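J.: One predicted model, sequence on top.
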Amino acid sequence: MLSTKPPPVTPPAVRTPGGRRAAGLAGALLLLLTAVVLSLAVGAKPLSPAAAWDGLFHADSAAYSIVHDMRLPRTVLGLLAGLALGLAGAVMQALTRNPLADPGLLGINAGASAAVVSAISFLGITSFTGFVWFAFAGAGAVAVLLYTVGGGSGATPARLVLAGAALNAALFSYVSAVQLLDTASLDRMRFWTVGSLASAQTHTIVRVAPFVVAGLVIALLLARPLNAMAMGEDAARALGAGPGRARIAAIVAITLLCGAATAACGPIVFVGLMVPHLVRALTGSDLRWLFPYCAVLSPALMLAADVLGRVVVRPAELQVGIVMVVAGGPVFLYFVRRPLSRAAAS
């Protein structure tokens, strides 16, 4: 006798949030690859992607010297600096629970800049190897001072922004004063202080890379503890995450990332503000996904801004720090006004 039961229905495949996030991360990597290709191809002498590829791998290519001597170091430094600043911003936002936290806005980059300018002007240090330690000292001191003045574990977003703005203004006033009083050092510092990738050199990349990698590893390891701390300190302790240790590790990661990027490129703002906000709309608040996304999309943004700076005033170029200020200012105002407009609507 034939069965009258209907055949079993196979439910449609459901994409899990993890699957969507993984697919999105693959798309972010593709976007980063596109930015790398543009960075190698676009400049005073434009190259086709095929010519840039040929110049990258064939020593007898006509584009070999252009790619290897000028654009490849600049691209690699943009990758490292973008990763460092974007990830530092994400860690700062998670640590302070302040969506407006950014190394450039809260004075971390300014602390590194003040220390580097002091080393250049007063001690005559001009090499990356010499002043990178000053950058770490300045970034670390300001990070600790900001966290203390802002209220420590009880800090509010408004208090941190006010403390960071005051520190930022004071430190950059000091940088400007040193530059005006020391005209011999002004010429050496003027491109560095606006944030630039144009003077990238291979030996600088080799020296900055270990610090960025160390900061990246610490930040990724902090994803779970900072996730737990978002639920409160008691819940974090119950889950085995030590809030004190996590804060110290976060400050170390921010210092390594901001100090290395600032020493190599100068102070560049808004990367650490813009990218985490964009990523949070894609991944939610889970830092185990947010940090890797920031590590991929931040260098893509940095390289895109650098390429834009080469194009808009060709044959001259705008420094990447200037491009980021022009692009990031309206975005910052939007993020500041959005909660206010929501509150007014309610």
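T.: Perfect, I can see it now. Residues are numbered from 1 along each chain as shown.

J.: From Arg314, how far out is Leu100?
T.: To Arg314, Leu100 is 34 Å away according to Cβ to Cβ, to the nearest Å. Glycine gets a C-beta too; all of them are placed from N, C-alpha and C.

J.: Compare the two (neighbour count), which wins?
T.: Leu100 (20 against 12; other Cβ atoms under 10 Å).

J.: Excluding chain neighbours, give the residue nearest to Ala28 in space.
T.: In space, and not counting its chain neighbours, Ala28 is closest to Val296: 4.4 Å by Cβ to Cβ, 6 or more residues apart in numbering.

J.: And the pLDDT for that neighbour?
T.: According to the prediction, Val296 has pLDDT 97.

J.: With Gly27 instead?
T.: According to the prediction, Gly27 has pLDDT 94.

J.: any idea whether it is helix, strand or coil?
T.: With DSSP: H, G, I helix; E, B strand; the rest coil as the basis, Gly27 sits in helix.

J.: how much space between Arg247 and Leu100?
T.: In terms of Cβ to Cβ, Arg247 sits 19 Å off from Leu100.

J.: tell me, how many neighbours does Ala300 end up with?
T.: 25.

J.: Verify the stated contact: it with Leu30.
T.: No - with contact defined as Cβ atoms under 8 Å, Ala300 does not reach Leu30; the gap is 9.7 Å.

J.: can you tell me the helix or strand for Ile268?
T.: Taking DSSP states H and E as the definition, one finds Ile268 inside no helix or strand.

J.: Torsion angles phi and psi at the closest residue to it other than its chain neighbours?
T.: Spatial nearest neighbour of Ile268, chain neighbours left out: Gly195 (3.8 Å); criterion: Cβ to Cβ, 6+ apart. Note on Gly195: its backbone torsions stand at phi 90, psi 110 [degrees, to the nearest 10].

J.: that older thread, so how many other residues sit close to the residue nearest to Ala28?
T.: A total of 22 residues lie near Val296 under the criterion other Cβ under 10 Å.

J.: any idea how far it lies from Ala35?
T.: Counting by Cβ to Cβ, the gap from Val296 to Ala35 is 10 Å.

J.: likewise Ala250?
T.: Look at Ala250 and Ala35: by Cβ to Cβ, they are 28 Å apart.

J.: for Asp286, same thing?
T.: 25 Å.

J.: neighbour-wise, which of these two wins?
T.: Ala35 (24 against 15).

J.: where's the more buried one, which helix or strand?
T.: Element membership for Ala35 (DSSP H and E) is helix 17-41.

J.: ok, residues contacting that helix?
T.: 15, 47-49, 51-52, 55-56, 67, 71-72, 74-75, 78-79, 282-284, 289, 292-293, 296-297, 299-300, 303-304, 306-307 (Cβ atoms under 8 Å, 6 or more residues apart in numbering).

J.: Tell me which of these fall in helices.
T.: Judged by DSSP state H, the contacts of helix 17-41 include 49, 51-52, 55-56, 72, 74-75, 78-79, 282-283, 289, 292-293, 296-297, 299-300, 303-304, 306-307 as members of helices.

J.: Now, of these, which are buried?
T.: Buried members of these, scored by 16 or more other Cβ atoms under 10 Å, are 51-52, 55-56, 72, 74-75, 78-79, 282-283, 289, 292-293, 296-297, 299-300, 303-304, 306-307.

J.: low-scoring stretches of the stretch 101-250 of the chain, by residue?
T.: Low-confidence segments of the stretch 101-250 of the chain (pLDDT under 70): 151-158, 184-188, 190-192.

J.: Show me the helices in it, by range?
T.: 108-123, 128-149, 157-181, 183-194, 202-221, 223-229, 233-238, 243-265 (DSSP state H, counting those that start in this stretch).

J.: how far away is Ala143 from Met92?
T.: For Ala143 relative to Met92 (Cβ to Cβ), the value is 8 Å.
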